[in-house]
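Trainee: model the structure of this input:
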Amino acid sequence: MTTHQSRSPAGLILPDYQRDELSHPALDTPEYRSSALRHPKQPLQYLPHYLTEITGPLLGQDRCGEHDHDLTAQHDGEPLGERIIVSGRVLDSGGKPVPNTLVEIWQANSAGRYLHQGDRHPAPLDPNFSGTGRCMTDAEGNYRFVTIKPGAYPWRNHDNAWRPAHIHFSLFGQAFTQRLITQMYFPGDPLFHQDPIFNSVRDERARERMISRFDLDTTVPEWALSYKWDIVLRGSQATVFEDEEEEDDD
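Mentor: Okay, here's the model as predicted:
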(Lines give C-alpha, C1' and ligand atoms only; values in the text may rest on other atoms or scores of the structure.)
Protein backbone atom coordinates (compact mmCIF):
# COMPACT_ATOMS: atom_id res chain seq x y z
CA MET A 1 0.00 0.00 0.00
CA THR A 2 1.04 3.56 -0.57
CA THR A 3 0.17 6.46 1.69
CA HIS A 4 -1.39 9.69 0.56
CA GLN A 5 -2.95 12.70 2.24
CA SER A 6 -6.44 14.09 1.98
CA ARG A 7 -7.80 17.37 3.29
CA SER A 8 -10.88 17.56 5.51
CA PRO A 9 -13.51 20.32 5.21
CA ALA A 10 -11.89 21.91 8.25
CA GLY A 11 -8.62 22.16 6.34
CA LEU A 12 -6.85 19.44 8.34
CA ILE A 13 -4.40 17.14 6.54
CA LEU A 14 -5.38 13.48 6.96
CA PRO A 15 -2.89 10.63 6.45
CA ASP A 16 -4.44 7.45 5.08
CA TYR A 17 -3.67 4.57 2.73
CA GLN A 18 -4.38 4.34 -0.97
CA ARG A 19 -5.87 1.08 -2.21
CA ASP A 20 -3.58 -1.03 -4.40
CA GLU A 21 -5.89 -2.03 -7.24
CA LEU A 22 -3.29 -4.27 -8.89
CA SER A 23 -3.13 -6.83 -6.08
CA HIS A 24 -6.12 -6.17 -3.83
CA PRO A 25 -9.36 -8.10 -4.38
CA ALA A 26 -12.16 -6.48 -6.30
CA LEU A 27 -14.81 -5.21 -3.88
CA ASP A 28 -17.33 -7.42 -5.65
CA THR A 29 -15.67 -10.82 -6.09
CA PRO A 30 -18.33 -13.27 -7.39
CA GLU A 31 -16.46 -16.34 -6.10
CA TYR A 32 -16.61 -14.81 -2.61
CA ARG A 33 -20.40 -14.85 -2.48
CA SER A 34 -21.06 -12.63 0.53
CA SER A 35 -19.13 -9.77 -1.10
CA ALA A 36 -22.17 -9.33 -3.37
CA LEU A 37 -24.16 -8.20 -0.33
CA ARG A 38 -21.43 -6.13 1.31
CA HIS A 39 -19.66 -4.22 -1.42
CA PRO A 40 -20.67 -0.60 -2.07
CA LYS A 41 -23.25 -0.21 -4.83
CA GLN A 42 -23.41 3.60 -4.73
CA PRO A 43 -20.62 6.16 -5.12
CA LEU A 44 -18.66 6.58 -1.92
CA GLN A 45 -19.47 9.68 0.11
CA TYR A 46 -16.77 11.65 1.87
CA LEU A 47 -17.27 11.77 5.65
CA PRO A 48 -15.67 14.77 7.30
CA HIS A 49 -12.91 13.97 9.76
CA TYR A 50 -12.57 16.04 12.88
CA LEU A 51 -10.12 16.11 15.75
CA THR A 52 -11.31 12.78 17.20
CA GLU A 53 -10.66 10.87 13.99
CA ILE A 54 -7.33 12.56 13.36
CA THR A 55 -5.79 12.43 16.82
CA GLY A 56 -7.40 9.26 18.17
CA PRO A 57 -7.18 6.62 19.35
CA LEU A 58 -4.67 7.23 22.14
CA LEU A 59 -3.01 3.82 22.24
CA GLY A 60 -0.09 2.71 24.34
CA GLN A 61 1.33 -0.14 26.38
CA ASP A 62 -1.04 0.73 29.23
CA ARG A 63 -3.94 -0.42 27.02
CA CYS A 64 -2.53 -3.97 26.91
CA GLY A 65 -3.13 -6.35 29.81
CA GLU A 66 -0.58 -8.75 31.25
CA HIS A 67 -1.80 -11.71 29.18
CA ASP A 68 -3.23 -9.96 26.14
CA HIS A 69 -0.34 -11.22 24.01
CA ASP A 70 -0.63 -14.79 25.32
CA LEU A 71 -3.95 -16.31 24.29
CA THR A 72 -3.08 -19.52 26.17
CA ALA A 73 -2.90 -17.77 29.56
CA GLN A 74 -6.13 -15.77 29.62
CA HIS A 75 -8.25 -18.33 31.50
CA ASP A 76 -7.99 -20.68 34.47
CA GLY A 77 -6.88 -23.62 32.32
CA GLU A 78 -4.90 -24.09 29.14
CA PRO A 79 -6.74 -24.31 25.81
CA LEU A 80 -6.76 -27.46 23.72
CA GLY A 81 -4.70 -27.67 20.56
CA GLU A 82 -1.21 -27.09 19.23
CA ARG A 83 0.51 -24.23 21.06
CA ILE A 84 2.37 -21.92 18.67
CA ILE A 85 4.33 -18.67 18.72
CA VAL A 86 3.57 -16.07 16.05
CA SER A 87 6.02 -13.19 15.81
CA GLY A 88 7.51 -10.76 13.36
CA ARG A 89 8.02 -7.10 12.64
CA VAL A 90 5.82 -4.27 11.42
CA LEU A 91 7.79 -2.46 8.72
CA ASP A 92 7.37 0.55 6.48
CA SER A 93 8.88 0.95 3.03
CA GLY A 94 12.61 0.26 2.90
CA GLY A 95 12.42 -2.03 5.93
CA LYS A 96 12.05 0.82 8.42
CA PRO A 97 10.50 -0.50 11.69
CA VAL A 98 7.18 0.90 12.87
CA PRO A 99 7.34 1.20 16.69
CA ASN A 100 4.56 1.62 19.25
CA THR A 101 1.82 0.30 16.97
CA LEU A 102 -1.14 -1.62 18.37
CA VAL A 103 -1.40 -5.10 16.80
CA GLU A 104 -4.61 -7.04 17.47
CA ILE A 105 -5.50 -10.59 16.43
CA TRP A 106 -8.59 -12.77 16.43
CA GLN A 107 -8.99 -16.38 15.34
CA ALA A 108 -10.93 -19.62 15.55
CA ASN A 109 -9.99 -22.22 18.16
CA SER A 110 -8.22 -25.49 17.36
CA ALA A 111 -11.54 -27.05 16.30
CA GLY A 112 -12.19 -24.24 13.82
CA ARG A 113 -14.83 -22.36 15.79
CA TYR A 114 -15.01 -18.71 16.80
CA LEU A 115 -16.33 -17.55 20.15
CA HIS A 116 -19.04 -15.58 18.36
CA GLN A 117 -22.81 -15.87 18.40
CA GLY A 118 -22.90 -15.96 14.61
CA ASP A 119 -20.68 -19.04 14.39
CA ARG A 120 -22.96 -22.09 14.21
CA HIS A 121 -20.28 -24.54 13.07
CA PRO A 122 -20.99 -27.80 14.97
CA ALA A 123 -17.54 -27.90 16.54
CA PRO A 124 -16.83 -27.57 20.26
CA LEU A 125 -16.09 -24.27 21.94
CA ASP A 126 -13.10 -24.19 24.26
CA PRO A 127 -13.87 -22.61 27.67
CA ASN A 128 -10.18 -21.74 28.00
CA PHE A 129 -9.80 -19.95 24.68
CA SER A 130 -11.38 -16.65 23.68
CA GLY A 131 -9.41 -16.23 20.45
CA THR A 132 -8.43 -12.55 20.80
CA GLY A 133 -5.17 -10.85 21.67
CA ARG A 134 -3.21 -7.64 21.30
CA CYS A 135 0.22 -6.16 21.89
CA MET A 136 2.29 -3.09 21.05
CA THR A 137 5.30 -3.23 18.75
CA ASP A 138 8.60 -2.40 20.42
CA ALA A 139 11.18 0.16 19.29
CA GLU A 140 12.31 -2.18 16.48
CA GLY A 141 8.77 -2.92 15.30
CA ASN A 142 8.69 -6.41 16.83
CA TYR A 143 5.48 -8.11 17.95
CA ARG A 144 4.95 -11.54 19.50
CA PHE A 145 1.92 -13.69 20.34
CA VAL A 146 1.51 -17.08 21.96
CA THR A 147 -1.64 -18.84 20.82
CA ILE A 148 -3.18 -22.08 19.56
CA LYS A 149 -2.99 -23.03 15.89
CA PRO A 150 -6.50 -22.42 14.53
CA GLY A 151 -8.44 -25.15 12.78
CA ALA A 152 -10.01 -25.03 9.33
CA TYR A 153 -13.77 -24.61 9.21
CA PRO A 154 -16.66 -24.89 6.72
CA TRP A 155 -18.34 -21.69 5.58
CA ARG A 156 -20.97 -22.64 2.94
CA ASN A 157 -19.64 -20.32 0.26
CA HIS A 158 -19.67 -23.14 -2.30
CA ASP A 159 -19.91 -26.91 -2.33
CA ASN A 160 -17.72 -28.40 0.42
CA ALA A 161 -16.14 -25.01 1.14
CA TRP A 162 -13.53 -24.85 3.90
CA ARG A 163 -11.40 -21.90 4.97
CA PRO A 164 -7.67 -22.53 5.41
CA ALA A 165 -6.32 -22.02 8.92
CA HIS A 166 -5.67 -18.32 9.42
CA ILE A 167 -5.33 -15.53 11.97
CA HIS A 168 -6.86 -12.08 11.49
CA PHE A 169 -4.58 -9.10 12.15
CA SER A 170 -5.52 -5.48 12.79
CA LEU A 171 -3.02 -2.64 13.02
CA PHE A 172 -3.63 0.90 14.23
CA GLY A 173 -1.42 3.79 13.21
CA GLN A 174 -1.72 7.19 14.85
CA ALA A 175 -5.36 7.77 13.88
CA PHE A 176 -8.58 5.86 13.23
CA THR A 177 -8.16 6.55 9.51
CA GLN A 178 -4.97 4.46 9.50
CA ARG A 179 -6.40 1.13 10.65
CA LEU A 180 -5.38 -1.80 8.46
CA ILE A 181 -6.74 -5.37 8.51
CA THR A 182 -5.32 -8.53 6.96
CA GLN A 183 -5.05 -12.30 7.41
CA MET A 184 -2.06 -14.54 8.05
CA TYR A 185 -1.96 -18.11 6.75
CA PHE A 186 0.22 -21.14 7.47
CA PRO A 187 2.64 -22.75 5.01
CA GLY A 188 1.62 -25.79 2.98
CA ASP A 189 -2.12 -25.57 3.66
CA PRO A 190 -3.95 -27.95 1.26
CA LEU A 191 -7.01 -25.68 1.19
CA PHE A 192 -5.33 -22.71 -0.51
CA HIS A 193 -6.32 -23.76 -4.02
CA GLN A 194 -10.07 -23.76 -3.33
CA ASP A 195 -10.35 -20.70 -1.07
CA PRO A 196 -11.86 -17.71 -2.91
CA ILE A 197 -10.81 -15.24 -0.21
CA PHE A 198 -7.14 -16.17 -0.41
CA ASN A 199 -7.27 -16.35 -4.20
CA SER A 200 -9.13 -13.06 -4.57
CA VAL A 201 -5.73 -11.43 -4.07
CA ARG A 202 -4.77 -11.06 -7.71
CA ASP A 203 -0.99 -11.00 -7.46
CA GLU A 204 0.57 -14.40 -6.73
CA ARG A 205 3.55 -12.78 -5.01
CA ALA A 206 1.18 -10.78 -2.81
CA ARG A 207 -0.63 -14.01 -1.84
CA GLU A 208 2.70 -15.53 -0.85
CA ARG A 209 3.34 -12.58 1.44
CA MET A 210 0.20 -13.52 3.38
CA ILE A 211 1.74 -16.89 4.34
CA SER A 212 3.90 -17.17 7.45
CA ARG A 213 7.05 -19.28 7.55
CA PHE A 214 8.00 -21.92 10.08
CA ASP A 215 11.01 -20.80 12.11
CA LEU A 216 12.98 -23.36 14.09
CA ASP A 217 15.27 -20.72 15.62
CA THR A 218 12.44 -19.13 17.59
CA THR A 219 10.71 -22.43 18.38
CA VAL A 220 10.81 -23.14 22.12
CA PRO A 221 12.02 -26.75 22.67
CA GLU A 222 9.39 -29.09 24.10
CA TRP A 223 6.88 -26.23 24.35
CA ALA A 224 5.80 -24.47 21.13
CA LEU A 225 6.55 -24.34 17.40
CA SER A 226 7.14 -20.87 15.97
CA TYR A 227 5.99 -19.02 12.86
CA LYS A 228 7.42 -15.73 11.62
CA TRP A 229 5.41 -13.17 9.67
CA ASP A 230 6.45 -9.62 8.89
CA ILE A 231 3.79 -7.04 8.08
CA VAL A 232 4.92 -4.48 5.50
CA LEU A 233 2.70 -1.40 5.32
CA ARG A 234 3.73 -0.05 1.92
CA GLY A 235 6.17 -0.41 -0.92
CA SER A 236 6.79 -3.24 -3.37
CA GLN A 237 6.74 -5.85 -0.59
CA ALA A 238 3.57 -4.55 1.11
CA THR A 239 1.22 -6.94 2.84
CA VAL A 240 -2.29 -7.17 1.35
CA PHE A 241 -4.90 -5.50 3.55
CA GLU A 242 -8.69 -5.72 3.59
CA ASP A 243 -11.19 -2.89 3.36
CA GLU A 244 -12.95 -2.43 6.69
CA GLU A 245 -16.28 -2.97 4.90
CA GLU A 246 -15.13 -6.54 4.24
CA GLU A 247 -14.12 -7.28 7.84
CA ASP A 248 -15.87 -10.24 9.45
CA ASP A 249 -15.03 -13.60 10.98
CA ASP A 250 -14.33 -15.21 7.60
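
Trainee: how about low-confidence regions in this structure?
Mentor: Per-residue confidence for the chain (pLDDT under 70) gives these ranges: 1-19, 53-58, 174-177, 235-237, 241, 243-249.

Trainee: now the spatially most central residue of it. Nearest residue, chain neighbours left out?
Mentor: Central residue of the chain (C-alpha atoms, centre = their mean): residue 169, 2.0 Å from the mean position. With sequence-adjacent residues excluded and distances taken as C-beta to C-beta, 6 or more residues apart in numbering, residue 169 is closest to residue 182, at 5.2 Å. All C-beta spots, glycine's among them, are computed from the backbone N, C-alpha and C.

Trainee: gap between residue 74 and residue 111?
Mentor: Per C-beta to C-beta, to the nearest Å, residue 74 is found 18 Å from residue 111.

Trainee: tally of neighbours for residue 131?
Mentor: Applying other C-beta atoms under 10 Å, we find 24 residues neighbouring residue 131.

Trainee: please enumerate the helices of the chain.
Mentor: Under the criterion DSSP state H, helices of the chain are mapped to 35-38, 51-55, 196-199, 204-208.

Trainee: what does the third one contact?
Mentor: Contacts with helix 196-199, where a contact means C-beta atoms under 8 Å, 6 or more residues apart in numbering, come from 25, 29, 31-32, 157-158, 163-164, 183, 185, 192-193, 207, 210, 250.

Trainee: which of those are buried?
Mentor: 25, 29, 32, 157, 163, 164, 183, 185, 192, 207, 210, 250 (16 or more other C-beta atoms under 10 Å).

Trainee: one step back: now for the contacts of helix 196-199: which two are most distant?
Mentor: Across the contacts of helix 196-199, no pair lies farther apart than 158 and 210, at 20.7 Å, counting by C-beta to C-beta.

Trainee: any chance you could map the strands in this protein?
Mentor: Along the chain, counting by DSSP state E, strands occupy 2-7, 13-18, 83-91, 102-106, 132-136, 142-148, 153-154, 162-163, 166-172, 180-185, 213-214, 225-228, 231-232.

Trainee: who does the longest one touch, helix- and strand-wise?
Mentor: Judged by 3 or more C-beta pairs under 8 Å, 6 or more residues apart in numbering; DSSP states H and E, strand 83-91 is in contact with strand 142-148, strand 225-228, strand 231-232.

Trainee: repeat the analysis, applying 10 Å as the threshold.
Mentor: Judged by 3 or more C-beta pairs under 10 Å, 6 or more residues apart in numbering; DSSP states H and E, strand 83-91 is in contact with strand 102-106, strand 142-148, strand 166-172, strand 180-185, strand 225-228, strand 231-232.

Trainee: so for residue 64, which of those strands sits nearest?
Mentor: Of all the helices and strands packed on strand 83-91, strand 102-106 sits nearest to residue 64, with 7.9 Å by C-beta to C-beta.

Trainee: gap between that closest one and the chain center?
Mentor: Here strand 102-106 is found 7 Å from its chain centre; the criterion is C-alpha atoms, centre = their mean, to the nearest Å.

Trainee: then stretch 141-156?
Mentor: That offset, for stretch 141-156, works out to 10 Å (C-alpha atoms, centre = their mean).

Trainee: what about it, how long is it end to end?
Mentor: 38 Å (C-alpha to C-alpha, to the nearest Å).

Trainee: cool, and stretch 211-225?
Mentor: Start to finish, the residues bounding stretch 211-225 are 16 Å apart (C-alpha to C-alpha).
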